[in-house]
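**Q** predicted model follows, preceded by the sequence.
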Amino acid sequence: MTGPDVLVVGGGLAGLACGRELARRNIPFTILEAADAVGGRVRTDEVDGFRLDRGFQIYLTAYPEGKRVLDLPALDLKPFTRGALVRFGGTFRRVADPRSEPFGAVGSLFNPVGTARDKLRMLRLYRKLGRDGDEDAVPDGPTVDFLAGAVGFTPAMTDRLFRPFFGGVSLDRSLATSARFFRFVARTFAAGPGAVPALGMEVIPRQLAAGLPAGAVRLGARAEAVGDTGVTLADGEHLPARAVVIAVEGPAAARLLGGRVPDPGSNGSTALYYAAAKPPVAEPILVLDGDGKGPVNSLVVMSNAAPAYAPPGQALVSASVVGIPAEDDAELDRRARVQLTDWFGPDVGGWRLLRVYRVPHSLPNQAAGKLDPWRRPVRLARGLYVCGDHRDNGSIDGALTSGRRAAEAVAEDLGPG
Ligand SMILES: Cc1cc2nc3c(=O)[nH]c(=O)nc-3n(C[C@H](O)[C@H](O)[C@H](O)COP(=O)(O)OP(=O)(O)OC[C@H]3O[C@@H](n4cnc5c(N)ncnc54)[C@H](O)[C@@H]3O)c2cc1C
């Protein structure tokens, strides 16, 4: 036996979290990553002095697994304002978290994003979010039914607030996404703000990788086939192992494992990044399309939260589109500017388009039923394991949790090292 005990295929957050737990248990392993760096879907590019995350993403400071495995102070997290500005009927209306901003919440009673009763339902919603670990106790169903049925929100409230907000998180404006995922996200948002590391989202996987034993990650190593004896790379090299953990995206895992896990399907997203001389809003707050006309579903000025996302004297605007539009970047940019000029006026014409990111597999599809049970098995056979956000939930926290669970299963099967 010349190879390490364990091969982990994929160096995204799940593979890195798996490696972290294996290292803690003194089990030798190598992470095989096809790309030129670790991080998977959490990468940051530097373009003309701007830091562009590959698609708009935030870290929720109350993520339970994140608190366990990340050194949060070292990430230097820069929070966003709790609440949102909803663009609806030609004006912006502020929706505040009724508990963290009581005065903002009173103000929001007079704005028509929802009815006054909807504001009270918001408090009822918080009581219905449940606790971590309780998810399987409540039957699953679509979020849209949960909001209307269990909580009783009006269709107007759902359309103006929840479609752009949770539709932007789940990348599904139809809200067919599992209410389990909605409750998890809403509960986590209620417990702490969203944030980004001061120097970009990629700091998160880099921190995890830095904590692994030297030489544990092999970059540019694409697995082509997985068998009982180990992994064969794209260049034909065969790497033997006692255990293999497949930590690639859901659709790729289904292919590599010959259908032993289902392809979850994909929810895509598109991000347009603009350089602006002046930020269109003063706060680090999420601005939502309550009209539902698009193409931009949400917008945020990244540099209002994290100044290092833009060079001095400039602002970085991130505009997010749910899905992958059919038109080319130039036409998408044109349509986005028409919408955003209506929101912010003629300054938008002077913004410089920095880059467009289209990410067809941003998240696994999480339609109702797909998260049942909330945590799917990570052990396929003795010696063969699978992790990734498609095993838990489509978030940084889900990926981290699944990686740790897979390492625990490996440790159980291999016995003390
Ligand atoms: C645009 C966008 C916005 C998001 N927004 C948020 C957000 O706001 N908050 C949040 O919590 N989450 C968000 N997410 C989700 C979050 O980023 C993912 O759930 C998480 O990063 C998934 O991690 P993973 O390790 O499961 O998969 P991945 O990050 O996809 O990692 C899989 C790795 O496997 C590698 N790989 C694939 N095939 C092979 C092979 N054959 N051989 C070797 N290596 C291979 C890939 O290169 C990749 O590095 C967002 C994702 C995107 C894309």
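**A** Right, received. Where do you want to start?

**Q** I'd say R206 and R43 touch.
**A** No - assessed by Cβ atoms under 8 Å, R206 is found out of contact with R43, at 10.0 Å. All C-beta spots, glycine's among them, are computed from the backbone N, C-alpha and C.

**Q** show me what L52 bridges to in the sheet.
**A** D45 (DSSP bridges).

**Q** list the contacts for it?
**A** 44-46, 273, 316, 354-355, 357 (Cβ atoms under 8 Å, 6 or more residues apart in numbering).

**Q** next: G290.
**A** Counted by Cβ under 8 Å, 6+ apart, G290 has contacts 86-89, 93, 113, 159-161, 164.

**Q** in strands only, show me these.
**A** 86-88, 93 (DSSP state E).

**Q** near the ligand, which residues of the stretch 101-250 of the chain show up?
**A** Residues of the stretch 101-250 of the chain lying close to the ligand by Cβ under 6 Å from any ligand atom are 222-223, 247-249.

**Q** switch the cut-off to 5 Å
**A** 222-223, 248-249 (Cβ under 5 Å from any ligand atom).

**Q** now, which of the contacts of G290 sits nearest L7?
**A** Among the contacts of G290, P164 lies closest to L7 (Cβ to Cβ), at 41.9 Å.

**Q** how about the closest one, nearest residue that isn't a chain neighbour?
**A** L288 (3.8 Å; Cβ to Cβ, 6 or more residues apart in numbering).

**Q** would you confirm that L332 contacts A319?
**A** No - contact criterion Cβ under 8 Å: L332 and A319 do not qualify, at 9.8 Å.

**Q** and the two? which has more neighbours close in?
**A** A319 (27 against 21; other Cβ atoms under 10 Å).

**Q** helices of the protein, start to end?
**A** With helices called from DSSP state H, the chain shows them at 13-24, 64-69, 72-75, 102-108, 116-127, 143-145, 155-157, 163-170, 179-191, 203-210, 250-256, 302-305, 329-344, 396-414.

**Q** hey, which of those helices is tucked in deepest?
**A** Sort these by mean neighbour count, taking mean count of other Cβ atoms under 10 Å, and helix 13-24 sits at the top with a mean of 27.

**Q** now do the same contact list for V144.
**A** V144 makes contacts with 158, 174-176, as judged by Cβ under 8 Å, 6+ apart.

**Q** next one: A275
**A** 48, 50, 310, 314-317, 351-352, 354.

**Q** what subset of those residues is also close to the ligand?
**A** Within those, nothing lies near the ligand by Cβ under 5 Å from any ligand atom.

**Q** now, which of the residues you listed sits nearest I396?
**A** Using Cβ to Cβ, the contacts of A275 come closest to I396 at L316, 20.9 Å.

**Q** distance of A368 relative to the ligand?
**A** In this view, A368 and the ligand are 19 Å apart by Cβ to the nearest ligand atom, to the nearest Å.

**Q** cool, F153 as well?
**A** In terms of Cβ to the nearest ligand atom, F153 sits 23 Å off from the ligand.

**Q** quick check: the gap between the closest residue to that residue other than its chain neighbours and F182.
**A** Counting by Cβ to Cβ, 6+ apart, L147 is the residue found nearest to F153 once chain neighbours are left out, at 4.8 Å. Look at L147 and F182: by Cβ to Cβ, to the nearest Å, they are 8 Å apart.
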